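> Could you look at this predicted model? Sequence included:
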Amino acid sequence: MKNNQLKSIVTILAVAGIVGLSGCATTSSVDKLRVEVEAAQATADRAEAKADAASRDASAALATASDAKATADDTDEKVNRMFKKAMYK
């Protein structure tokens, strides 16, 4: 999920909680809800940062694998040429 989506979800949950408690909500219960929402947002932010890091690592791994495949293909081609050359001698 993107950061904006996470913030939207957290905001919707906060509003729903406040609306649900509006009939008997006290300042302390609203403050408690606010703390919980902020904790949820902090957790979402950390999860997003980890996902971004994992995505960067995956991209780097893909690039390394592509380079390795290209090298292996080149080596295979050279070995095949050497084998064919040896067969004609």
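Great, that's in hand. Since this is a predicted model, take the numbers as computed values, not measurements.
> biggest helix in this protein, by residue count?
In the chain, ranked by residue count with DSSP state H as the criterion, the top helix is helix 27-88.
> Now do that helix: which elements does it pack against?
helix 3-21 (3 or more Cβ pairs under 8 Å, 6 or more residues apart in numbering; DSSP states H and E). To be clear about C-beta, it is placed using only N, CA and C from the backbone, and glycine gets the same treatment.
> Quick check, central residue of the chain?
By Cα atoms, centre = their mean, the chain has its centre lying nearest to Ala51, at 2.2 Å.
> so who does Asp67 touch?
Contacts for Asp67 (Cβ atoms under 8 Å, 6 or more residues apart in numbering) come out as none.
> Just the pLDDT at it, thanks.
Note on Asp67: pLDDT of 97.
> Same check on Ser22?
57.
> From Ala40, how far off is Arg34?
11 Å (Cβ to Cβ, to the nearest Å).
> no, scratch that, I was asking about Lys78
Relative to Ala40, and taking Cβ to Cβ, Lys78 is found at 57 Å.
> Could you check which of those two has the larger neighbour count?
Ala40 (15 against 10; other Cβ atoms under 10 Å).
> Would you agree the more buried one is in contact with Thr11?
No. Assessed by Cβ atoms under 8 Å, Ala40 is found out of contact with Thr11, at 10.6 Å.
> Give me the residues contacting stretch 52-63.
By Cβ under 8 Å, 6+ apart, the list of residues contacting stretch 52-63 is empty.
> and Leu13, how many residues sit next to it?
There are 14 residues near Leu13, going by other Cβ under 10 Å.
> What residues does it make contact with?
Val37, Ala40.
> Give the residue spans of the protein that score low on pLDDT.
Low-confidence segments of the chain (pLDDT under 70): 1-3, 17-25, 89.
> what about Arg81, distance to Ser28?
80 Å.
> typo on my end, Ala86
When Ala86 is compared with Ser28 (using Cβ to Cβ), they lie 86 Å apart.
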